[in-house]
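[1] Following is a predicted model, sequence given first.
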Amino acid sequence: MPSTFGKTFQKDKKNLNGQLVLINGTRSFMCDSQYKIIPEVGDFYIFPHYLMHSVYPFKDTDEERRSISFNAEIDEKIFDVFY
């Protein structure tokens, strides 16, 4: 994990620097449509292709972010437990 996520430049908002945000796209009753994740070194996040997402940059820091994106297909014979 970076030693600092830096300072945010948005005075009226919570510091989101470095966060991954998964977005449902619709508001639900008593549910937030966004799920915010503070990344940790060694964590691996997998989510479906249709889920909108956003990643906030690190501001005011020399730390770097590394990410990998890929597509995967699940073998139906392995996935279907009732096969």
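    Received the coordinates, thanks. Treat the numbers as computed from the prediction; the structure is a model and nothing was measured.

[2] Report the beta-bridge partners for residue 31.
    Taking DSSP bridges as the rule, residue 31 bridges to residue 28.

[3] In contact with residue 38, which residues?
    18-19 (Cβ atoms under 8 Å, 6 or more residues apart in numbering). Backbone N, C-alpha and C define where each C-beta goes, glycine included.

[4] measure it to residue 55 for me?
    12 Å (Cβ to Cβ, to the nearest Å).

[5] if I look at those two, which residues touch both of them?
    In contact with both residue 38 and residue 55: residue 19, using Cβ under 8 Å, 6+ apart.

[6] For the nearest residue in space to residue 33 that is not next to it in sequence, the count of nearby residues, please.
    Leaving out its chain neighbours, the residue that sits closest to residue 33 by Cβ to Cβ, 6 or more residues apart in numbering is residue 24, at 4.5 Å. Neighbourhood size, residue 24 [other Cβ atoms under 10 Å]: 13.

[7] give the contact list for residue 24.
    31, 33-35, 51-52.

[8] Next, give phi and psi for residue 54.
    Backbone geometry at residue 54, expressed as degrees, to the nearest 10, gives phi -150, psi 150.

[9] Take stretch 52-59, keep the C-alpha atoms, and write them as PDB.
    The C-alpha coordinates for stretch 52-59 follow below in PDB (Å, rounded to 0.1, in the frame of the first residue of the first chain):
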ATOM      1  CA  MET A  52     -19.300   0.200 -14.300                       C
ATOM      2  CA  HIS A  53     -16.200   1.200 -12.300                       C
ATOM      3  CA  SER A  54     -13.900   4.200 -11.700                       C
ATOM      4  CA  VAL A  55     -10.500   4.500 -10.300                       C
ATOM      5  CA  TYR A  56      -9.400   7.800  -8.600                       C
ATOM      6  CA  PRO A  57      -5.700   8.800  -9.200                       C
ATOM      7  CA  PHE A  58      -3.200   9.400  -6.500                       C
ATOM      8  CA  LYS A  59      -2.900  13.200  -6.100                       C
END
